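Q: the sequence and its predicted three-dimensional model are supplied below.
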Amino acid sequence: MRDIVLMADPRVARIPVVDNGEPLVDLEAAGFLIDPRHEDPLGASRRYRSGAAERLAQAEKLLPAGLRLLVVEAYRPLELQRKYFDGYREELAQLNPGYSAEQLRTAASRYVSPPELAPHSAGAAIDLTLCDAEGELDMGTIMNATPEQSDGRCYTDAEGLPPQAAENRAILVEAMHSAGFVNYPTEWWHFSYGDRYWALMSRRPEALYGPIEYRGPLDA
Ligand SMILES: C[C@@H](N)C(=O)N[C@H](C)C(=O)O
Ligand SMILES: [Zn+2]
């Protein structure tokens with residue numbers, strides 16, 4: 001398995017952000033398939049920075065015939081990120097009573113980004129999968145399975161997956177990488193463009209997108 005750089009790695013926080021000011025656009029209006037599982041009254045979870053959305057369109061065009069991207073969650077308000085992070089860190093604290101605060105933060109970042117670094121809250125990250133005319137493809141685990149729930153099979157390069165699931169992951173990763181996205185290696189479904197993690201992993205001097213607030217459709 002390749003070496004994994006976690007979101008809590010100090011090198012991620014050291015990347016400067018020079019926000020280019022791109023707006024959040026509506027991915028449904030841009031023609032992407034949106035899964036309803038994270039839908040919210042303001043439609044925040046289907047918003048995405050415009051430059052990243054253009055890259056997403058390129059990725060979709062690179063898929064084999066008959067396959068499409070299915071977007072589950074893009075933008076995530078900071079309060080929600082905090083809720084996810086605190087909830088999972090608490091779960092880990094129960095499972096590992098001896099862990100220090102630093103160990104808990106690092107372990108939690110395998111599955112949720114620390115809020116101050118959160119790529120979803122910058123409109124830079126997206127959780128997605130593949131589907132065809134029959135529905136979602138088998139990716140080896142459900143989306144958002146934690147490392148504990150999936151016994152590590154949520155890791156993109158996990159061993160022992162059914163061959164078809166491993167191939168489906170490879171198709172998704174190949175299309176997204178070719179369009180300029182970086183995958184988070186502990187989550188087969190999470191990709192980003194323009195955030196600090198992306199900048200570190202693709203050797204850019206700075207991130208293009210920092211935290212952004214979305215207040216509703218009139219914001220867009
Ligand atoms: C919670 C999960 N879907 C996710 O998005 N994790 C990444 C690491 C994040 O919180 O940015
Ligand atoms: Zn994500």
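A: Nice, I can see it. Numbers count the residues shown, from 1 in each chain. Ligands and ions are numbered 1, 2, ... in the order given.

Q: buried residues, stretch 172-180. List them.
A: 172-173, 175-176, 179-180 (16 or more other C-beta atoms under 10 Å). In this view, the C-beta of every residue, glycine as well, is placed from N, C-alpha and C.

Q: which of those residues sits closest to ligand 2?
A: The shortest gap between ligand 2 and any of the buried residues of stretch 172-180 belongs to Met176, at 12.4 Å (C-beta to the ion).

Q: roughly how far apart are Glu159 and Gly152?
A: With distances taken as C-beta to C-beta, to the nearest Å, Glu159 is found 9 Å from Gly152.

Q: which of these two has more neighbours?
A: Gly152 (16 against 9; other C-beta atoms under 10 Å).

Q: so for stretch 39-52, mean pLDDT?
A: Confidence over stretch 39-52 (mean pLDDT, whole number) is 95.

Q: repeat for stretch 175-190
A: Mean predicted confidence for stretch 175-190 is 98.

Q: what's it in contact with?
A: By C-beta atoms under 8 Å, 6 or more residues apart in numbering, the surrounding residues in contact with stretch 175-190 are 2, 4-7, 55-56, 58-60, 62-63, 72, 110-111, 125-129, 139-141, 143-144, 147, 154-157, 169, 172-173, 191-193, 197-198, 201-202.

Q: which positions in this protein make contact with ligand 1?
A: 7, 84, 111-113, 118-120, 125, 127, 144, 184, 187, 190 (C-beta under 6 Å from any ligand atom).

Q: present these as a markdown table; the columns should include distance to Leu24, neighbour count and secondary structure.
A: Below are the residues of the chain next to ligand 1 laid out as a markdown table (distance: C-beta to C-beta, whole Å; neighbours: other C-beta atoms under 10 Å; DSSP: H, G, I helix; E, B strand; the rest coil):
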| residue | distance to Leu24 | neighbour count | secondary structure |
| --- | --- | --- | --- |
| Met7 | 21 | 25 | coil |
| Tyr84 | 19 | 19 | helix |
| Tyr111 | 24 | 25 | coil |
| Val112 | 21 | 22 | coil |
| Ser113 | 18 | 27 | coil |
| Ala118 | 15 | 24 | coil |
| Pro119 | 14 | 28 | coil |
| His120 | 12 | 26 | helix |
| Ala125 | 13 | 30 | strand |
| Asp127 | 16 | 23 | strand |
| Asn144 | 22 | 19 | coil |
| Tyr184 | 21 | 26 | coil |
| Glu187 | 22 | 22 | coil |
| His190 | 18 | 26 | strand |
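
Q: ligand 1: which of those residues is nearest?
A: Ser113 (3.4 Å; C-beta to the nearest ligand atom).

Q: which one is the closest one nearest to, not counting chain neighbours?
A: Met7 (4.4 Å; C-beta to C-beta, 6 or more residues apart in numbering).

Q: which residues of this structure lie near ligand 2?
A: 125, 127, 190 (C-beta under 5 Å from the ion).

Q: so can I have CSV of the residues you listed showing distance to Pro77?
A: Formatted as CSV, the residues of the chain next to ligand 2 follow (distance: C-beta to C-beta, whole Å):
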residue, distance to Pro77
Ala125, 13
Asp127, 15
His190, 17
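
Q: backbone dihedrals for Leu33, please?
A: phi -80, psi 130 (degrees, to the nearest 10).

Q: doesn't Val72 make contact with it?
A: No. Counting by C-beta atoms under 8 Å, Leu33 does not reach Val72; the two are 10.1 Å apart.
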